[in-house]
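Colleague: Let's see this in three dimensions:
(chains A, B, C and D)
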Number of protein chains: 2
Amino acid sequence: MRAARTPAVRGHAGKGNGRIQVPEACVARLSLYVRELGQLKRRRVPFVSSRRLAQQLGLTDAQVRRDLSYFGQFGTSGRGYEVPRLHDRLTTILGVADRTWGVALVGLGNLGSALLAYRGFRERGFAFKVVADADPNKIGRSLYGAQVAAPGDIARLVRQHAVQIGIIAVPVGAAQKVCDALVAGGVRAIVNFAPVTLTAPASVRVRNADLAVELEGLAFHLARENHR
Amino acid sequence: MRAARTPAVRGHAGKGNGRIQVPEACVARLSLYVRELGQLKRRRVPFVSSRRLAQQLGLTDAQVRRDLSYFGQFGTSGRGYEVPRLHDRLTTILGVADRTWGVALVGLGNLGSALLAYRGFRERGFAFKVVADADPNKIGRSLYGAQVAAPGDIARLVRQHAVQIGIIAVPVGAAQKVCDALVAGGVRAIVNFAPVTLTAPASVRVRNADLAVELEGLAFHLARENHR
DNA sequence: CACTGTGAATGCATTCACAGCG
DNA sequence: CGCTGTGAATGCATTCACAGTG
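Modeller: Residues are numbered from 1 along each chain as shown, chains lettered A, B, ... in the order given. Here you go, the predicted structure:
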């Protein structure tokens, strides 16, 4: 969940045109806010204070206020934030309100299948436009409403469907080749689940999600606490 | 990802036995170093410089040196770092060299199955000692060498096998209950894949790995770049 | 009042720059 | 030389604290 390859991600350069610099860490929390507000909205909670929101997410109230302030002034003194309004506003800012993002998923092993089946993606504005795998038994078949393509067709299909985000869920050995194909097709961001560092042009955002890294981070801390 | 108070993480300096604070961000990179060094080791590369290691991982050379310096002095002036030695040393520090970590996995849907089947975990020192699911059709069956238990048995089994790490791969509605069971059994760390914030004692480390959050982070940036 | 929004202060993390070593 | 290890400087992110508002 942590970006290994962080190409000095700046919010945005242009101060002149009124764009605000948003800390990267804040962006990461933005979708947590949306998630939580979505629940409150469904429960018809009309207002929420920074304090309560913070408590719910394990943050501090000051941090919630600071984070939200990067995007505008949404609150009412004395009462807090209007839940539906804030939810709508943040959803729009996240870029998942008014539009659907096309996604290309490569690799339909256990993990790839899990991702394809995960309803959360669709609900949150992501659609699998292209799905591919190297297994001849899978190519051509239809899974979860998507026709499985061959690796050789990735670049063409990505371009054809104007897909902007690629997901790599293939074994280590194939990851870089898949990455190249996605880049050739014109994706602008990639989520990589293979435990290897990819090489891609700086214009393409790469985010790594090696699941074992999560566990190892925890192991480090546990090991320390043990030998004390 | 998790925000709560950053606990004092300590490492030991090269000289003396005074313990020094290791930045949390550095810990996250530690397993990347191990991963990369493992590959170099297999290719029988004897030495590697901070420059080359950095290039390979998309970092700066200064950062690599700084990170490694938190754990000791491993390098040789003029030549760089001895690959096998550094690999062994970091593996030990990570806590995945000399021991195996017992893991409890709850939820055997697509994602849970993917995790269970992922060989990377076993290779990197993690063993699924307890596996559970609420589906009566799965309970009692044997998957990937693990007997599937019922949710009601989680706490008991976790304690019995002295499991320290829990993985939650169940739907949102069941996540908190599973979390409670894992905590009752005595786990000290949890990786949560359910898109919800869990409540757990401060002594239990919780790390969230909501896959949609990754995508949304990317969407935010893409949305910004579009409307320029 | 209870709460937001934000300068200012603090605390981390990264980068610079260079002394020192093989 | 080429490269490490590390003070010092810089740049981010979080927290404090309080003026201001409905």
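Colleague: What count of nearby residues applies to the closest residue to residue A:60 other than its chain neighbours?
Modeller: Leaving aside its chain neighbours, residue A:60 sits nearest to residue A:54 (5.5 Å; criterion: Cβ to Cβ, 6 or more residues apart in numbering or on different chains). The way it works is simple: take the backbone N, C-alpha and C, and place the C-beta from them, glycine included. When neighbours are counted by other Cβ atoms under 10 Å in any protein chain shown, residue A:54 registers 19.
Colleague: what sits up against the helix or strand hosting residue A:54?
Modeller: According to DSSP states H and E, residue A:54 maps onto helix A:50-57. Outside of helix A:50-57, the residues within contact range by Cβ atoms under 8 Å, 6 or more residues apart in numbering or on different chains are A:29, A:32-33, A:36-37, A:59-65, A:68, A:75, A:80-81, B:3, B:197.
Colleague: What's the PyMOL line that selects buried ones from these?
Modeller: To isolate the buried members of the contacts of helix A:50-57 in PyMOL, using 16 or more other Cβ atoms under 10 Å in any protein chain shown:
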select buried, (chain A and resi 29+32+33+36+37+59+60+63+64+65+68+75+80+81) or (chain B and resi 197)
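Colleague: Show me the contacts of helix A:50-57 that map onto strands.
Modeller: Counting by DSSP state E, the contacts of helix A:50-57 place A:75, A:80-81 in strands.
Colleague: Which phi and psi values does residue A:128 adopt?
Modeller: The phi/psi pair for residue A:128 (degrees, to the nearest 10) reads phi -80, psi 100.
Colleague: was I right about it contacting residue A:116?
Modeller: Yes. Using Cβ atoms under 8 Å, residue A:128 is in contact with residue A:116, at 6.2 Å.
Colleague: starting at the chain centroid, how far to the top helix by length along chain A?
Modeller: Ranked by residue count under DSSP state H, the longest helix found in chain A is helix A:24-42. On the basis of Cα atoms, centre = their mean, to the nearest Å, helix A:24-42 sits 12 Å off its chain's mean C-alpha point.
Colleague: Stretch A:66-73 too?
Modeller: The chain centroid and the centroid of stretch A:66-73 are separated by 21 Å, computed with Cα atoms, centre = their mean.
Colleague: Secondary structure class of the residue nearest the centre of chain A, three-state.
Modeller: Nearest to the mean C-alpha position of chain A, counting by Cα atoms, centre = their mean, stands residue A:191 at 7.8 Å. Look at residue A:191: counting by DSSP: H, G, I helix; E, B strand; the rest coil, its state is strand.
Colleague: Is it in contact with residue B:216, as I believe?
Modeller: No. With contacts counted by Cβ under 8 Å, residue A:191 stays clear of residue B:216, the gap being 10.9 Å.
Colleague: picking that back up, by contact count, what packs against the longest helix of chain A?
Modeller: For helix A:24-42, the packing partners by 3 or more Cβ pairs under 8 Å, 6 or more residues apart in numbering or on different chains; DSSP states H and E come out as helix A:50-57, helix A:61-69, helix A:83-94, helix B:211-226.
Colleague: Which strand or helix spans residue A:154?
Modeller: Applying DSSP H and E as the criterion places residue A:154 in helix A:154-160.
Colleague: Quick one: mean pLDDT for the helix or strand that comes right after that helix?
Modeller: Next along the chain after helix A:154-160, taking DSSP H and E as the criterion, comes strand A:165-168. For strand A:165-168, mean pLDDT rounds to 98.
Colleague: so does whichever helix or strand comes after strand A:165-168 get close to chain B?
Modeller: As assigned by DSSP H and E, the chain's next helix or strand after strand A:165-168 is helix A:172-185. No. Applying Cβ under 8 Å from any Cβ of the partner chain, one finds helix A:172-185 separated from chain B by no less than 9.1 Å.
Colleague: In terms of residue numbering, what are the domains of chain A?
Modeller: Taking automatic domain parsing as the criterion, chain A consists of the domains A:24-93, A:101-213.
Colleague: Deepest in the core, which of those is it.
Modeller: Of the domains of chain A, the one with the most neighbours on average (mean count of other Cβ atoms under 10 Å in any protein chain shown) is domain A:101-213, at a mean of 19.
Colleague: Kindly provide the distance from residue A:164 to residue A:38.
Modeller: Applying Cβ to Cβ, to the nearest Å, the value for residue A:164 to residue A:38 is 23 Å.
Colleague: go on, residue A:219?
Modeller: Using Cβ to Cβ, residue A:219 is found at 33 Å from residue A:38.
Colleague: repeat for residue A:73
Modeller: 21 Å.
Colleague: Over to residue A:215?
Modeller: For residue A:215, the distance to residue A:38 equals 29 Å [Cβ to Cβ].
Colleague: Please apply the same query to residue A:183.
Modeller: For residue A:183 relative to residue A:38 (Cβ to Cβ), the value is 33 Å.
Colleague: Also residue A:110?
Modeller: Counting by Cβ to Cβ - residue A:110 and residue A:38 are separated by 29 Å.
Colleague: re the thing from before, Throw the domains of chain A into TSV and include distance to residue B:160, thanks.
Modeller: Formatted as TSV, the domains of chain A follow (distance: least, Cβ to Cβ, whole Å):
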stretch	distance to residue B:160
domain A:24-93	30
domain A:101-213	25
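Colleague: okay if I get those as TSV plus distance to DNA strand C?
Modeller: Converted to TSV, the domains of chain A look like this (distance: least, Cβ to the nearest atom of the strand, whole Å):
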stretch	distance to DNA strand C
domain A:24-93	3
domain A:101-213	14
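Colleague: Which one of the ones you listed lies nearest to DNA strand D?
Modeller: domain A:24-93 (2.6 Å; Cβ to the nearest atom of the strand).
Colleague: my guess is residue A:151 meets residue A:181, correct?
Modeller: Yes. With contact defined as Cβ under 8 Å, residue A:151 and residue A:181 form a contacting pair (6.8 Å).
Colleague: list residues touching both of those two?
Modeller: Between them, residue A:151 and residue A:181 share the contacting residues residue A:106, judged by Cβ under 8 Å, 6+ apart.
Colleague: near DNA strand D, which residues of chain A?
Modeller: Residues of chain A lying near DNA strand D by Cβ under 7 Å from any atom of the strand: A:10, A:23-26, A:59-60, A:62-63, A:65-66, A:76-78.
Colleague: and the gap between the closest residue to residue A:161 other than its chain neighbours and residue A:213?
Modeller: In this structure, residue A:161 finds its nearest non-sequential neighbour in residue A:129, 4.3 Å apart by Cβ to Cβ, 6+ apart. Distance from residue A:129 to residue A:213, counting by Cβ to Cβ: 28 Å.
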